[in-house]
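[1] dropping a prediction and its sequence here:
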Amino acid sequence: MNTNVTSCNTSTLDPYVPGGSNPWDKTQVKHCYRRLGYGADFNTIDLGVNSNPGALIDLIVDNAAGAPLREDPIWGYYRLSDFSNYTQENPEYINDFRIETGSLMVSTGLKGRMILFWLNHFVTELPTYYYAPYLFQYYRTGELHALGNFKDLVHDMGLTPAMLIYLNGFQNTNTEPNENYARELFELFTLGEGNGYTQEDIVEASKALTGWNLRPQAGGPIIFNTNTFFSGDKTIFGQTGNWNYHDVIDILFQERGPLIAQYICRKLYRYFVSPDVDLMIETNIIAPLAQTMIDNNFEIVPVLKQLFKSEHFFDEKALGVVIKSPFDLIFQFVNESGFLFNNDLMEAFIYYASVLGQTMFDPPDVAGWQGDQDWIGTSTITARWALFRAYLGLLYDNGQEERFRTLAIDLSDNSSDPAYITKVIVDHFHARELFTPTDYDIATEVFKWEIPQNYYDDRLWNLSWAEAPYQVLLLLNHVATWPEFQLK
């Protein structure tokens, strides 16, 4: 918990009621879609403005919770013997799955964002097991419980082959106990480092977690083996018995439920609202959310709805305080611009996200991506600019230049005022207005390009001009270099 930074957001968890100083408008609707998903197109934003905050949150959360599971790939439950050519097919399946997952993240909003949240909480690193069926089964577990029950998610995730291999559960036997999973189960997945458990709890839990190391078929499911299970009494959180894997989860939630809820709600807050958590936030926001989680038997949806409907979430001080992840940066722009993306572009996006520090299904270590300021460095910031120059240039040079004109026409209602066109485009891609009029003036000069001033003064220029798409291109390239563009 970061208690060194005092939060400026003092609003409560009371439901947000729009008012004169904090109206329900496009800024708030875009804030909602950027945090709960990866932005939204013009029509979706307009529909949101015509709704109300509570109804919109219910719609987004309920749609995500009720969304159907993605279709099983034909190879999703393959054994090694099911491959025709494993060496060729396995990496192809993994690459295809990454592309499909990226496209789903763009289009599925909160569901896609929650899956990514949980996969960055229950971390595995793909190179550790590098097997397409295990990747899919790990993803499917996160997808199945993304907006479901946290206890069920904890239980099921620990038995995925990807996790059993990554944190050595597969090697954890009665003759050679391995503490890795027990340690991370407490330290990273449920309680937080040093919070409510002892080394003895880890040792005893690791014995109870033994036995999950029988794989009858290469590449197939990993199942329980009574011969490698540590049979005998173990004492975990003061409870003694011949506990097994399922008992560990039950005892953990029974004896440490409030600590688990506080830890998870803190992570949800940092992910969706702000990376800064002080004592006031801990007491007035996270503690009540944790109580909601406990009152609802660790169901996730009630917690999300309480947070997302709150005046705290919609407070002006909550706008533009989170640094975009590489996926945020790319996918949000795609949704909010309406510009083209396809499988080839998605493959490029995934590559660039990796260059920027976010390799899909391969976080840097068991603690996952830490986010926020970790996303920005001297090399990654220039790479972010280069990404946009490459993407926008590719579109412009390959028959998509009219999309730039359409963007400006749609946002400005086909205005011929370059200052107004500039402002609405700039504001559309930012969480809040720029700090000074000078910033807008500079951007306007970029947009006006080499068109003589008298054409603007005499209102001879308009967005139908042949040069207009290129002018929008110049403006977007300029906007992408601003620090404010990196925030959501």
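    Nice, I can see it.
[2] hang on, Asp72 in a helix?
    No: under the criterion used here (DSSP: H, G, I helix; E, B strand; the rest coil), Asp72 is coil, not part of a helix.
[3] list the contacts of it.
    136, 140 (CB atoms under 8 Å, 6 or more residues apart in numbering). For glycine as for every other residue, the C-beta is placed from the backbone atoms N, C-alpha and C.
[4] residues near Tyr391, how many?
    The number of residues packed near Tyr391 is 23, by other CB atoms under 10 Å.
[5] which SSE is immediately downstream of the host helix or strand of it?
    For Tyr391, the host element (DSSP states H and E) is helix 378-397. Using DSSP H and E, the helix or strand that directly follows helix 378-397 along the chain is helix 401-412.
[6] which residue comes closest to the spatially most central residue of the chain once chain neighbours are left out?
    By CA atoms, centre = their mean, the mean C-alpha position of the chain lies nearest to Arg113, the distance being 4.0 Å. Closest residue to Arg113 apart from its sequence neighbours, by CB to CB, 6 or more residues apart in numbering: Gly37 at 5.7 Å.
[7] could you measure from that neighbour over to Thr173?
    Per CB to CB, to the nearest Å, Gly37 is found 43 Å from Thr173.
[8] so between those two, which is more surrounded?
    Gly37 (25 against 17).
[9] just to revisit the earlier point, would you mark the buried spots in the helix holding Tyr391?
    Using 16 or more other CB atoms under 10 Å as the burial criterion, the residues of helix 378-397 that qualify are 380, 384, 387-388, 391-392, 395-396.
[10] next up, phi/psi of Asp72, please.
    Main-chain torsions, Asp72, degrees, to the nearest 10: phi -60, psi 130.
[11] which strands and helices sit next to the helix or strand hosting Arg140?
    Using DSSP H and E, the element containing Arg140 is helix 132-144. Secondary-structure packing of helix 132-144 (3 or more CB pairs under 8 Å, 6 or more residues apart in numbering; DSSP states H and E): helix 86-108, helix 110-119, helix 150-157, helix 161-166.
[12] reformat those helices as TSV; add distance to Tyr139 and mean pLDDT.
    Listed next are those as TSV, based on distance: least, CB to CB, whole Å; pLDDT from 0 to 100:
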stretch	distance to Tyr139	mean pLDDT
helix 86-108	7	97
helix 110-119	7	98
helix 150-157	11	98
helix 161-166	9	98
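[13] any idea which of these gets closest to Trp369?
    helix 110-119 (9.6 Å; CB to CB).
[14] export only the CA atoms of the closest one, formatted as PDB.
    Extracted in PDB, the C-alpha atoms of helix 110-119 (Å, rounded to 0.1, in the frame of the first residue of the first chain):
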ATOM      1  CA  LEU A 110     -15.100  -4.700 -19.100                       C
ATOM      2  CA  LYS A 111     -15.000  -8.500 -19.700                       C
ATOM      3  CA  GLY A 112     -11.700  -8.200 -21.600                       C
ATOM      4  CA  ARG A 113     -10.200  -5.800 -19.000                       C
ATOM      5  CA  MET A 114     -11.200  -8.000 -16.100                       C
ATOM      6  CA  ILE A 115      -9.700 -11.100 -17.700                       C
ATOM      7  CA  LEU A 116      -6.400  -9.200 -18.100                       C
ATOM      8  CA  PHE A 117      -6.600  -8.000 -14.500                       C
ATOM      9  CA  TRP A 118      -6.900 -11.500 -13.200                       C
ATOM     10  CA  LEU A 119      -4.300 -13.000 -15.400                       C
END
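[15] contacts for whichever helix or strand comes after that helix?
    Per DSSP H and E, the first helix or strand lying C-terminal to helix 110-119 is helix 126-129. Residues from elsewhere that reach helix 126-129 (CB under 8 Å, 6+ apart): 94, 135, 161-162, 165-166, 361-362.
[16] how about these, which pair is most distant?
    Most distant of these, by CB to CB, are Pro161 and Asp362, 16.6 Å apart.
[17] those two: which has the busier surroundings?
    Pro161 (23 against 15).
[18] so what's that one up against?
    129, 131, 134, 137-138, 170, 221-222.
[19] same list (those residues) but as a markdown table, adding distance to Gln373 and neighbour count.
    Below are the contacts of Pro161 laid out as a markdown table (distance: CB to CB, whole Å; neighbours: other CB atoms under 10 Å):
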| residue | distance to Gln373 | neighbour count |
| --- | --- | --- |
| Tyr129 | 30 | 18 |
| Tyr131 | 34 | 21 |
| Tyr134 | 33 | 25 |
| Gln137 | 34 | 19 |
| Tyr138 | 28 | 23 |
| Phe170 | 36 | 19 |
| Pro221 | 41 | 16 |
| Ile222 | 38 | 20 |
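[20] in stretch 332-341, which residues are buried?
    Buried positions in stretch 332-341, judged by neighbour count with 16+ other CB under 10 Å: 332-337, 339, 341.
[21] any idea how far Thr228 is from Leu209?
    Separation of Leu209 from Thr228 (CB to CB) stands at 11 Å.
[22] if you count surrounding residues, which of the two has more?
    More crowded of Leu209 and Thr228, by other CB under 10 Å: Leu209, with 29 against 17.
[23] okay, that one: pLDDT?
    Model confidence at Leu209, given as pLDDT, is 98.
[24] that one against Tyr181, yeah?
    Yes: using CB atoms under 8 Å, Leu209 is in contact with Tyr181, at 5.9 Å.
[25] overlap in contacts, those two.
    Shared contacts of Leu209 and Tyr181 (CB under 8 Å, 6+ apart): 158, 169, 172.
[26] can I get those in CSV including pLDDT and distance to Arg79?
    Listed next are these as CSV, based on pLDDT from 0 to 100; distance: CB to CB, whole Å:
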residue, pLDDT, distance to Arg79
Gly158, 98, 22
Gly169, 98, 20
Asn172, 98, 23
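[27] thought Thr210 was touching Thr226, still the case?
    No: the criterion here is CB under 8 Å, and Thr226 misses it with Thr210 at 10.2 Å.
[28] of these two, who's got more company?
    Each of Thr226 and Thr210 has its neighbours counted (other CB under 10 Å); Thr210 has more, 24 against 8.
[29] in a strand, that one, correct?
    No: secondary structure of Thr210 (three-state DSSP): coil, not part of a strand.
[30] excluding sequence neighbours, find me the nearest residue to it.
    Leaving aside its chain neighbours, Thr210 sits nearest to Phe230 (4.5 Å; criterion: CB to CB, 6+ apart).
[31] Val61 sits in which helix or strand?
    helix 53-65.
[32] for the helix ranked longest in the chain, name the packing helices and strands.
    Counting residues, the longest helix found in the chain (DSSP state H) is helix 245-272. Packed against helix 245-272 by the contact rule (3+ CB pairs under 8 Å, 6+ apart) you find helix 150-157, helix 199-208, strand 234-236, strand 239-241, helix 287-295, helix 301-308.
[33] mean neighbour count for those - can I get that in a markdown table?
    Below are the helices and strands packed on helix 245-272 laid out as a markdown table (neighbours: other CB atoms under 10 Å):
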| stretch | mean neighbour count |
| --- | --- |
| helix 150-157 | 20 |
| helix 199-208 | 20 |
| strand 234-236 | 20 |
| strand 239-241 | 13 |
| helix 287-295 | 19 |
| helix 301-308 | 20 |
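[34] turn the ones you listed into JSON lines, including distance to Asp372.
    Listed next are the helices and strands packed on helix 245-272 as JSON lines, based on distance: least, CB to CB, whole Å:
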{"stretch": "helix 150-157", "distance to Asp372": "23"}
{"stretch": "helix 199-208", "distance to Asp372": "29"}
{"stretch": "strand 234-236", "distance to Asp372": "35"}
{"stretch": "strand 239-241", "distance to Asp372": "38"}
{"stretch": "helix 287-295", "distance to Asp372": "20"}
{"stretch": "helix 301-308", "distance to Asp372": "18"}
